[in-house]
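Q: got a predicted structure plus its sequence, pasted below:
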Amino acid sequence: MANEKVNKELKTVKEWCKGCNICVEFCPVKILELKDDKIHITDKEKCIKCGLCELRCPDYAIYLEVDNNEK
């Protein structure tokens, strides 16, 4: 497992987002914003996958999903 790379992707569930802005404030690379009171990812490529947004979201509307199908 030493060189095993786990690939994660940032995902959102807009139906669950209540627009509290907590994830936006905690994002260290500022790639999150609210559009029409729902979370929006502005640039997935710049995401550092730190998980702070997922950790702080009270409604589980944003999360990191592990991709086990990486080739």
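A: Ah, there it is. Numbering: from 1, shown residues only.
Q: low pLDDT regions in the protein?
A: Where the chain drops to pLDDT under 70, the residues are 1-6, 68-71.
Q: that's a strand at Val24, yeah?
A: No. Per DSSP: H, G, I helix; E, B strand; the rest coil, Val24 lies outside any strand segment and is helix.
Q: residues contacting the spatially most central residue of the chain?
A: The centroid of the chain falls nearest to Leu10 when counting by CA atoms, centre = their mean (4.0 Å). Residues near Leu10 by CB atoms under 8 Å, 6 or more residues apart in numbering: 41, 44, 47, 49, 53, 62-65. From N, CA and C alone the C-beta is placed, and that goes for glycine too.
Q: among those residues, which lie within strands?
A: Residues of the contacts of Leu10 located in strands (DSSP state E): 41, 62-65.
Q: which one of the residues you listed sits closest to Cys17?
A: Ile62 (7.6 Å; CB to CB).
Q: can you tell me how far Ile31 sits from Glu15?
A: The gap separating Ile31 from Glu15 is 21 Å, by CB to CB, to the nearest Å.
Q: wait, I meant Leu32
A: From Leu32 over to Glu15 (counting by CB to CB), the distance is 17 Å.
Q: the two - which one has more neighbours?
A: Neighbours around Leu32 and Glu15, counted as other CB atoms under 10 Å, are more numerous at Leu32. The numbers are 22 against 8.
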